[in-house]
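> how does the following fold in three dimensions:
(one chain, ligands or ions: 1)
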Amino acid sequence: KKVAILVSGGGSNMLTLCDSMVADHPARPVLVLSNDPNAKGLERATARGLTAAAVDHRQFGKDRAAFEAELVKLLDAAEPDIICLAGFMRVLTASFVERYAGRMLNIHPSLLPKYKGLNTHARALEAGDAEAGCSVHIVTPELDDGPILGQARVQVAPDETAETLAAKVLIQEHRLYPAVLRRFAKGDNTPVELT
Ligand code: GRF
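The predicted structure follows:
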């Protein structure tokens with residue numbers, strides 16, 4: 001199975017996914033794409049010998065469809081079987097999502113269905129949650145809403161801050177996403193539960 005990974009920032013999830021696709025793994029990374037030409041993840045991908053490219057969303061103003069048409073051109077050239085959104089921070093239109101229906105995954109730093117959208121850690125702390133975590137789900141047109149393929153949980157400490165929680169959850173993201181991708185690439189949608 002060929003995997004394309006979309007990033008917007010540092011790409012730590014992209015790197016751990018790529019590092020997990022070794023030896024007997026059913027999938028291999030074929031393209032790393034970003035909406036930001038300056039994304040650190042692009043140079044980290046290139047340094048790993050991966051094919052990396054960017055489509056600068058700022059060149060398209062409000063024309064989301066035109067931006068996505070450029071993404072599609074690059075994706076179609078790589079012919080991925082699976083697309084992994086990994087710290088990708090652009091909202092995708094329903095038509096883009098439908099084009100890759102059932103084979104595009106996303107990792108979100110909350111225990112979905114709680115805290116869809118942004119500032120997930122601050123919101124969990126605000127709510128006084130005893131635990132937090134991350135979720136990998138199949139991408140559907142509604143933001144952060146598709147079928148959940150895996151979750152990892154962390155305990156919230158009494159003195160937790162959004163920053164310390166984000167760091168704890170990110171470590172779990174790096175465990176969860178590779179575990180989910182390995183199963184998903186084998187056609188196994190049994191949810192992964194990590195504690
Ligand atoms: C992190 O906040 C992570 O929780 C979310 O995307 C952000 C950056 O991730 N998934 P990455 O280092 O670019 O993978």
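> now do the SS call for whichever residue of the chain sits closest to the ligand.
Residue nearest to the ligand within the chain: residue 87 (2.7 Å; CB to the nearest ligand atom). Glycine gets a C-beta too; all of them are placed from N, C-alpha and C. Classification of residue 87 by DSSP: H, G, I helix; E, B strand; the rest coil places it in coil.
> okay, helices next: where are they in the chain?
Assigned by DSSP state H, the helices in the chain fall at 12-20, 40-47, 64-78, 94-99, 120-126, 162-185.
> picking up where we left off before, what sits against the residue of the chain closest to the ligand?
Neighbour list for residue 87: 7, 8, 9, 10, 11, 12, 13, 14, 41, 107 [criterion: CB atoms under 8 Å, 6 or more residues apart in numbering].
> switch the cut-off to 6 Å
Shown in contact with residue 87 (CB atoms under 6 Å, 6 or more residues apart in numbering): 7, 8, 9, 13.
> what does this structure put close to the ligand?
Taking CB under 6 Å from any ligand atom, the part of the chain that reaches the ligand is made up of 7, 9-14, 41, 86-87, 107, 109, 166, 170, 173.
> give me the buried subset of those.
7, 9, 11-14, 41, 86-87, 107, 109, 170, 173 (16 or more other CB atoms under 10 Å).
> grab the nearest non-local neighbour of the most centrally placed residue in the chain.
Nearest to the mean C-alpha position of the chain, counting by CA atoms, centre = their mean, stands residue 86 at 2.5 Å. Excluding its sequence neighbours, the residue lying closest to residue 86 (CB to CB, 6 or more residues apart in numbering) is residue 13, at 3.7 Å.
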